[in-house]
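Asks: the amino acid sequence is not available; the structure is as follows:
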């Protein structure tokens, strides 16, 4: 079976919604969605706003915004977005009527909109150098299957024109090259081999091999259509580095190999089998059925 045939086969899996990307209850609201990626990219940017950009820190997080910002599912976020402004989501909102978000939320919403139209898409959790120079910032992107070109295309749904200008972005955020994105699997492998300093990877004080391990497991979950919040931690994320056994590290090496392979030769069956092989790689089922989480993280963001 050729690489292209394998990729096409995997693409059918990622056209299906997961527990956090089902928007079927909003079918009427989404009937007029555009179908091209550039237009959908703009739709997402018109309904959410990053918590650290464009003066978002000045936006008061009332109870409604808190619930929406902390919710895991795209449906719960869309409910808050429409409660803030009930016009069609194709109409960009002013900043004070958008939902505060992280890169994960931009990624989740774009993936949900693409899958709603039957377009294969998946969130990817890794690291980029263009958000914070001199280090690798954890960041969520989107891969969608471009059938005309027979390839997975990387998209950064967060990088609107304002952020592109502020960060001096010279590449096309609708076709991010693999040079600009370091997958969590590749990051794990490079740090394990000693070719990359793990303290350069992560965010703020959360850096190093533990941060990379958490990102790696979230990426595996995302490849299984389970796109968790960037602060969610479970199972094999919880022990300190010193508490990991040789078997634990060997399992993480296997996860890294599988997720790196997903970039070149997508194998939905391989990541699905690995995900099912150990419960420590999967978040609690209750987290997938309850769209909301505790609000401590949102409170923390607002207090900064």
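Replies: Cool, got the structure. Here the structure is a predicted model, which is why all the values come from computation and not from measurement. Residues are numbered from 1 along each chain as shown.
Asks: now the strands for this structure?
Replies: Listed in chain order, the strands of the chain (DSSP state E) span 48-50, 99-101, 121-128, 136-146, 151-155, 181-183, 201-203, 206-207.
Asks: quick check: closest non-adjacent residue to residue 111.
Replies: Nearest residue to residue 111, sequence neighbours excluded (C-beta to C-beta, 6 or more residues apart in numbering): residue 121, at 4.5 Å. C-beta here means a position set from N, CA and C on the backbone, and glycine is covered the same way.
Asks: on that earlier part again, in JSON lines: the strands of the chain, plus mean pLDDT, distance to residue 169 and mean neighbour count.
Replies: Converted to JSON lines, the strands of the chain look like this (pLDDT from 0 to 100; distance: least, C-beta to C-beta, whole Å; neighbours: other C-beta atoms under 10 Å):
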{"stretch": "strand 48-50", "mean pLDDT": "92", "distance to residue 169": "14", "mean neighbour count": "23"}
{"stretch": "strand 99-101", "mean pLDDT": "92", "distance to residue 169": "19", "mean neighbour count": "25"}
{"stretch": "strand 121-128", "mean pLDDT": "96", "distance to residue 169": "10", "mean neighbour count": "26"}
{"stretch": "strand 136-146", "mean pLDDT": "95", "distance to residue 169": "13", "mean neighbour count": "23"}
{"stretch": "strand 151-155", "mean pLDDT": "94", "distance to residue 169": "13", "mean neighbour count": "19"}
{"stretch": "strand 181-183", "mean pLDDT": "95", "distance to residue 169": "13", "mean neighbour count": "21"}
{"stretch": "strand 201-203", "mean pLDDT": "91", "distance to residue 169": "19", "mean neighbour count": "22"}
{"stretch": "strand 206-207", "mean pLDDT": "88", "distance to residue 169": "23", "mean neighbour count": "16"}
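Asks: out of those strands, nearest to residue 108?
Replies: Residue 108 lies closest to strand 121-128 among the strands of the chain, at 6.3 Å (C-beta to C-beta).
Asks: point out where the stretch 151-300 of the chain drops to low pLDDT.
Replies: 262-267, 290-300 (pLDDT under 70).
Asks: just send the strands of the chain back as a markdown table, with distance to residue 256 too.
Replies: Formatted as a markdown table, the strands of the chain follow (distance: least, C-beta to C-beta, whole Å):
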| stretch | distance to residue 256 |
| --- | --- |
| strand 48-50 | 28 |
| strand 99-101 | 28 |
| strand 121-128 | 11 |
| strand 136-146 | 15 |
| strand 151-155 | 18 |
| strand 181-183 | 9 |
| strand 201-203 | 13 |
| strand 206-207 | 18 |
